[in-house]
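Chemist: Need coordinates for the following:
(4 chains)
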Protein chains: 2
Amino acid sequence: MGTVSKALSLLAYFNHGRTGIGLSDLTRLSGMNKATVYRLMNELQESGFVEQTGSDRSYRLGPQVLRLAALREAAVPILSVSRQVLRELSDETGETTHLSLLQGSQLNSLSHAYSPRNATRVMMEDAKVLTFHGTSSGMAVLAFAEPDFAEAILSQPLEARTPETLTDPEKIRAQLDGIRKSGIAVSVGGFEEDVHSHAVPIFDPDRKVIGALAVAAPASRMTAEQKQLIPAALRRAGATLTYRIGGSAPAGFPQDETA
Amino acid sequence: MGTVSKALSLLAYFNHGRTGIGLSDLTRLSGMNKATVYRLMNELQESGFVEQTGSDRSYRLGPQVLRLAALREAAVPILSVSRQVLRELSDETGETTHLSLLQGSQLNSLSHAYSPRNATRVMMEDAKVLTFHGTSSGMAVLAFAEPDFAEAILSQPLEARTPETLTDPEKIRAQLDGIRKSGIAVSVGGFEEDVHSHAVPIFDPDRKVIGALAVAAPASRMTAEQKQLIPAALRRAGATLTYRIGGSAPAGFPQDETA
DNA sequence: CCAAACGGTTCAATATATGAACCGTTGGTT
DNA sequence: AACCAACGGTTCATATATTGAACCGTTTGG
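Modeler: Residues are numbered from 1 along each chain as shown, chains lettered A, B, ... in the order given. Below you'll find the model as predicted:
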């Protein structure tokens, strides 16, 4: 692994539960030598990718990442475009909606919208890592990803987040087949208990899957009517989003009409 | 310069006018060896910081920066907080408002809001580099930055973007003195002709200036009434934003009441 | 059909990163 | 008050990763 990769891998230890990390913690987390971590973090700091807080001297992500993100959006405006789609889908379904994107071999939630209609909502956080098995978004992505990629994921040990989480690779493969036929993934309590969620894949101009659009509802609110409305609205929204970012679905993808 | 800094410096060549850069262009822009640039970009690509487009093989910023930006916002929610402040300030003044943040020794516009009230608006782009001299935001920041920093900026050759741009360091220093006293910077046509803009500095918890909040209006619309309303509204909005991000103005900063 | 420019690759020379041990400081415990 | 452990930061000989000129094969445009 090159020096640059090492430095950037240090950034992976930041997450919602850990927005600031001290030198020693980072040394332990990464398993690298302290002097190495120190020097790497110094370089990242000089470039504005991280900064040190005045109080303790722990590191947190720096302002430079905002500039890069704004430029990424200027080049590939997925988030900006998705915000409107999420908004409309939340209004239509009355439930929480979110977009997750494949970044390397990791699926991250990156944007969401709530519906004001109901007082109880499924809450979402951006930049959260989603498992592939056990989330509808993950399954939707996996079903349409490269077979090699899906197999690599399934060959790793699969953790059960709830008693409902499917962890048997064989059963998951069977479910993926179903998703490829229907074009939509459904999960009941696989990631959070009592959350019923639907997801559809999003494709780029090369017809490769880049992420998933999902609707998450409290299981208690999944009436027969909602079970009809949500998948239909979600399919439409997914197609719209793929279209708006200039993407298109691969040849075999189940088209609009399900009836 | 370490390898990591070199790699990250390559990312600085991306901007709004240049969202995709090929290997050869990047080699020329950076002045580095082609093999070096190639290896560095490969590492950045493996980490998801850049990606190569399918069509030509040019590089553009990758999805990983979105995740980091979302986490940065989770740690220091300046942008999220600013959006509401910008929105309200635009509604109140009827003009375009924007926030710029100091990133290293560079000032970048990072968020903006338009007012629907008028058909003609000053347009803004995010992630655009602002000069310190000649923009009200830059002057507001410079006036409250470390004296060393301000001097370093003023000792460089200063370009005139318009005939109105002040480029004489001595005159700029005099203007900065005025801004320190008034707490607000005003620029008429210094960056774009016919744009009249006001800006106030934003401070962090250490009472250090981190950026500026600004209102930009077509010069033609600057009635006597607006010349009263805009500075007053902007001062209030600036104080609100500084407060909401947990910051506070330094000791000498001119307080609320101007009357 | 050629020439130029492109992305990508090689390998010896060399500059750079590494890590064990070491500082001085801080904060908590006895 | 004295101690100790953990912290951020630093050193320097060693080892390893980076560098750059030259070289492919391919694509592009005249």
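
Chemist: ok, and the closest non-adjacent residue to the residue in chain A positioned nearest to DNA strand D?
Modeler: Nearest residue of chain A to DNA strand D, counting by Cβ to the nearest atom of the strand: A:Gly22, 2.6 Å away. To be clear about C-beta, it is placed using only N, CA and C from the backbone, and glycine gets the same treatment. Sequence neighbours aside, A:Ser58 is the residue nearest to A:Gly22 in space, at 4.3 Å (criterion: Cβ to Cβ, 6 or more residues apart in numbering or on different chains).

Chemist: ok, the residue of chain A closest to DNA strand D touching A:Asp56?
Modeler: Yes: in terms of Cβ atoms under 8 Å, A:Gly22 counts as a neighbour of A:Asp56; the distance is 6.6 Å.

Chemist: Pick out whichever of those two has more residues nearby.
Modeler: Remark: of A:Gly22 and A:Asp56, A:Gly22 carries more neighbours, 14 against 8, as counted by other Cβ atoms under 10 Å in any protein chain shown.

Chemist: How many neighbouring residues does the residue lying closest to A:Ala75 once chain neighbours are set aside have?
Modeler: Residue nearest to A:Ala75 in three dimensions, not counting chain neighbours: B:Thr19, with 3.6 Å by Cβ to Cβ, 6+ apart. Neighbour count of B:Thr19, defined by other Cβ under 10 Å: 16.

Chemist: Could you report the pLDDT at B:Thr19?
Modeler: Listed pLDDT for B:Thr19 reads 91.

Chemist: got the contact list for it?
Modeler: A:Leu71, A:Ala74, A:Ala75, B:Arg60, B:Leu61 (Cβ atoms under 8 Å, 6 or more residues apart in numbering or on different chains).

Chemist: A:Leu10 now?
Modeler: Going by Cβ under 8 Å, 6+ apart, A:Leu10 touches A:Leu26, A:Ser30, A:Val37, A:Leu40, A:Met41, A:Leu44.

Chemist: Could you look up the SS state of it?
Modeler: At A:Leu10, secondary structure determined by DSSP: H, G, I helix; E, B strand; the rest coil is helix.

Chemist: Distance check, it against DNA strand C.
Modeler: 11 Å (Cβ to the nearest atom of the strand, to the nearest Å).

Chemist: In CSV, could you pull the C-alpha coordinates for stretch A:133-143?
Modeler: Listed next in CSV are the C-alpha coordinates belonging to stretch A:133-143 (Å, rounded to 0.1, in the frame of the first residue of the first chain):
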residue,chain,number,x,y,z
HIS,A,133,-27.3,-8.0,3.4
GLY,A,134,-30.1,-7.0,5.7
THR,A,135,-30.9,-3.6,4.1
SER,A,136,-33.2,-3.2,1.2
SER,A,137,-30.8,-0.7,-0.4
GLY,A,138,-27.9,-3.0,-0.1
MET,A,139,-29.8,-5.9,-1.6
ALA,A,140,-31.1,-3.7,-4.5
VAL,A,141,-27.5,-2.7,-5.2
LEU,A,142,-26.1,-6.3,-4.9
ALA,A,143,-28.7,-7.7,-7.1
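
Chemist: pLDDT averaged over that stretch, what's the number?
Modeler: pLDDT averaged over stretch A:133-143 gives 96.

Chemist: what does that stretch contact?
Modeler: A:98, A:100, A:102, A:107, A:109, A:130-132, A:149-150, A:153-154, A:158, A:160-162, A:165-167, A:172, A:175-176, A:179-180, A:184-187, A:190-191, A:197-201, A:209, A:211-214.

Chemist: give me the subset of those touching chain B.
Modeler: A:Leu102 (Cβ under 8 Å from any Cβ of the partner chain).

Chemist: out of the contacts of stretch A:133-143, which are inside helices?
Modeler: Among the contacts of stretch A:133-143, the members found in helices (DSSP state H) are A:Phe149, A:Ala150, A:Ile153, A:Leu154, A:Ile172, A:Gln175, A:Leu176, A:Ile179, A:Arg180.

Chemist: now the nearest residue to A:Phe191 once chain neighbours are set aside: how far from A:Phe14?
Modeler: Spatial nearest neighbour of A:Phe191, excluding adjacent residues (Cβ to Cβ, 6+ apart): A:Thr135 at 4.6 Å. Distance, A:Thr135 to A:Phe14, using Cβ to Cβ, to the nearest Å: 22 Å.

Chemist: of the two, who's got more company?
Modeler: More crowded of A:Thr135 and A:Phe14, by other Cβ under 10 Å: A:Thr135, with 28 against 23.

Chemist: Please report phi then psi for that one.
Modeler: When quoted as degrees, to the nearest 10, the phi and psi of A:Thr135 stand at phi -120, psi 150.

Chemist: can you pull the contacts of A:His198?
Modeler: A:Ser136, A:Ile184, A:Ala185, A:Val186, A:Ser187, A:Ala214, A:Val215, A:Ile230, A:Pro231, A:Leu234.

Chemist: re the thing from before, what is the nearest of the contacts of A:Leu10 to A:Asp126?
Modeler: A:Leu44 (21.9 Å; Cβ to Cβ).

Chemist: show me where pLDDT drops low in chain A?
Modeler: Applying pLDDT under 70 to chain A flags residues A:54, A:256-259.

Chemist: how about the residues of it near DNA strand D?
Modeler: A:2-4, A:22-25, A:34-35, A:38, A:52, A:56-58 (Cβ under 7 Å from any atom of the strand).

Chemist: Restricted to buried residues, select those residues in ChimeraX.
Modeler: Of the residues of chain A next to DNA strand D, the buried ones can be selected in ChimeraX as follows, counting by 16 or more other Cβ atoms under 10 Å in any protein chain shown:
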select /A:3,4,52,58
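
Chemist: Same list, the residues of chain A next to DNA strand D, but as a markdown table with secondary structure and distance to DNA strand C please.
Modeler: What follows is these, written out as a markdown table (DSSP: H, G, I helix; E, B strand; the rest coil; distance: Cβ to the nearest atom of the strand, whole Å):
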| residue | secondary structure | distance to DNA strand C |
| --- | --- | --- |
| A:Gly2 | coil | 8 |
| A:Thr3 | helix | 4 |
| A:Val4 | helix | 9 |
| A:Gly22 | coil | 12 |
| A:Leu23 | helix | 11 |
| A:Ser24 | helix | 11 |
| A:Asp25 | helix | 15 |
| A:Lys34 | helix | 6 |
| A:Ala35 | helix | 3 |
| A:Tyr38 | helix | 9 |
| A:Gln52 | strand | 15 |
| A:Asp56 | coil | 8 |
| A:Arg57 | coil | 10 |
| A:Ser58 | coil | 13 |
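
Chemist: Thanks again, I'm all set now.
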